[in-house]
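*Asks:* whatever this is, show me its structure:
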Amino acid sequence: MIPTTVAVRRFFRGLEQALDHGDPFGELFLRIGRSLSPSYRRKIARNLIYNEFIAGYRRRRASGTESNWVPSFFVMSPTMRCNRSCRGCYSGLYDKNEVLPYEEMDRLLFEARSLGIYFVVISGGEPYLIADQLLRLFARHDEMFFLTYTNGTLLDDALCRQHGGAHGAAVGEDD
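*Replies:* Next up is the predicted model:
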């Protein structure tokens, strides 16, 4: 249950106005409401809207100073390896041998959360080359919202079911 703070009421007032005026922000929420599973909608409400934009915002403001600003999200590239060789891709410029160890990724996520950062972009290379590690991290840091940049070629029904079943992230899945 999301508490009804001033920030939450302000957010929903803004969303209501966006819906009334056909604003793209409102349209995005309508699309989310129609196409995602109920469990994933709850995860978005809890992890992205409340944890990141409300509680996280407060913590980031309290943690930061004028000279030491705390960002609202961070990007983690656990590997630059990829199963493709797309022309122009920036990951081709980096060393392909190193992979961020699981323990280091775990520590970074705990530190991020302690600062009020609940939104993490996972980039790379192709992050799903280390799918087992990522899924363990997603489960361990279930209060965070993860966005992965992927070429999609390693995402199959089994991986999506494993991720969605464990964490409620599958699109179109019924609870």
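*Asks:* and the residue nearest to N83 when sequence neighbours are not counted, what is it in contact with?
*Replies:* The spatially closest residue to N83, leaving aside those adjacent along the chain, is E126, at 5.5 Å (Cβ to Cβ, 6 or more residues apart in numbering). From N, CA and C alone the C-beta is placed, and that goes for glycine too. Counting by Cβ atoms under 8 Å, 6 or more residues apart in numbering, E126 touches T79, R81, C82, N83, R84, T150, N151, T153, L154.
*Asks:* can you pull out the strands in this structure?
*Replies:* When assigned using DSSP state E, the strands of the chain occupy the ranges 73-76, 119-122, 145-148.
*Asks:* any chance of these in CSV, with mean neighbour count too?
*Replies:* As requested, the strands of the chain are arranged in CSV below (neighbours: other Cβ atoms under 10 Å):
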stretch, mean neighbour count
strand 73-76, 14
strand 119-122, 19
strand 145-148, 18
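*Asks:* may I see these arranged in JSON lines, with mean pLDDT and distance to K96 as well?
*Replies:* Formatted as JSON lines, these follow (pLDDT from 0 to 100; distance: least, Cβ to Cβ, whole Å):
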{"stretch": "strand 73-76", "mean pLDDT": "94", "distance to K96": "17"}
{"stretch": "strand 119-122", "mean pLDDT": "96", "distance to K96": "17"}
{"stretch": "strand 145-148", "mean pLDDT": "92", "distance to K96": "19"}
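*Asks:* can you give me the distance of the spatially most central residue of the chain to A62?
*Replies:* For the chain, the residue sitting closest to the mean C-alpha position, by Cα atoms, centre = their mean, is F146 at 2.0 Å. Taking Cβ to Cβ, to the nearest Å as the criterion, F146 is separated from A62 by 24 Å.
*Asks:* now, the contacts of E126 that are in helices?
*Replies:* Secondary structure assignment (DSSP state H) places none of the contacts of E126 within helices.
*Asks:* ignoring the adjacent residues along the chain, who's closest to F53?
*Replies:* In space, not counting the residues next to it along the chain, F53 is nearest to F11; the distance is 7.0 Å by Cβ to Cβ, 6+ apart.
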